[in-house]
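Peer 1: A structural model of the following input is requested.
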Amino acid sequence: MTTRRHPDPEATRREFDEFVAGTADSLLRAVYLVVWDEAEAEDLLQECYLRVARRWPRVRRMENPRAYARKVLINLALDQRVRHRRRRNELGGPDARTVDGQQDPAAGAVFARVDAGTDLERALGELTPRQRAVLVLRFLDDLSELQVAELMGCSVGTVKSTTSRALERLRSLDPHPTHDLPQQDQERSLPR
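Peer 2: Numbers count the residues shown, from 1 in each chain. Alright, predicted model coming up:
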């Protein structure tokens, strides 16, 4: 009879803590850019880590645990926004998205060729959470269309159309039309 070797709980805990330390900044930045609310982003990240911790023995053996955590987080963010909007509508409150006073330097770096000031913040705040998620995953996390589709559980065509609509929406809101938005994989300029 072979005995099954159980992992050292202390070593497993340290490994998870290292995972959290190594992923927290990038995951928090990504979810913030999707939900556009700092407190909500922090809450969602905590919920994500709780879900990952529950499955850590399986997750740590995955080829890319960070990608799994990112998928959990983006799905939580998109689901959370739907529930949050529904709750606001039920209470009769406005569905206002405010981004005043909130600036993320990473977003400015990603959209370096676009004015990263208040106009860009306002424009990003006008996108739907799903559109922001696609732009964050494509241009901040530098994932391919296929990777984004797999992560979001949709088709590549949906990723392409969502990206196109989001970029078009940003263009329509950009008061500085001389700036170019990030280009698609085809390395072609997107028409204005």
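Peer 1: where does this protein have low pLDDT?
Peer 2: 1-7, 80-121, 174-192 (pLDDT under 70).
Peer 1: for the helix or strand containing T158, list every residue counted as buried.
Peer 2: Using DSSP states H and E, T158 falls within helix 156-173. By neighbour count with 16 or more other C-beta atoms under 10 Å, helix 156-173 contains the buried residues T158, V159, K160, T162, T163, A166, L167, R169, L170, R171. All C-beta spots, glycine's among them, are computed from the backbone N, C-alpha and C.
Peer 1: just checking, what packs against it?
Peer 2: Helices and strands touching helix 156-173, by 3 or more C-beta pairs under 8 Å, 6 or more residues apart in numbering; DSSP states H and E, are helix 118-126, helix 129-135, helix 145-152.
Peer 1: before we move on, back to that, make JSON lines out of the buried residues of helix 156-173 and add distance to L151.
Peer 2: Formatted as JSON lines, those follow (distance: C-beta to C-beta, whole Å):
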{"residue": "T158", "distance to L151": "12"}
{"residue": "V159", "distance to L151": "9"}
{"residue": "K160", "distance to L151": "15"}
{"residue": "T162", "distance to L151": "13"}
{"residue": "T163", "distance to L151": "14"}
{"residue": "A166", "distance to L151": "16"}
{"residue": "L167", "distance to L151": "19"}
{"residue": "R169", "distance to L151": "21"}
{"residue": "L170", "distance to L151": "21"}
{"residue": "R171", "distance to L151": "25"}
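Peer 1: let me know the closest of these to R61.
Peer 2: Here the nearest of the buried residues of helix 156-173 to R61, counting by C-beta to C-beta, is V159; it sits at 28.0 Å.
Peer 1: close enough to count as contact, that closest one and A133?
Peer 2: No - counting by C-beta atoms under 8 Å, V159 does not reach A133; the two are 10.1 Å apart.
Peer 1: any common contacting residues for those two?
Peer 2: M152 (C-beta atoms under 8 Å, 6 or more residues apart in numbering).
Peer 1: just want the angle from the helix holding T158 to helix 145-152.
Peer 2: 100 degrees (axes from the mean of the first three to the mean of the last three C-alpha atoms, to 10 degrees).
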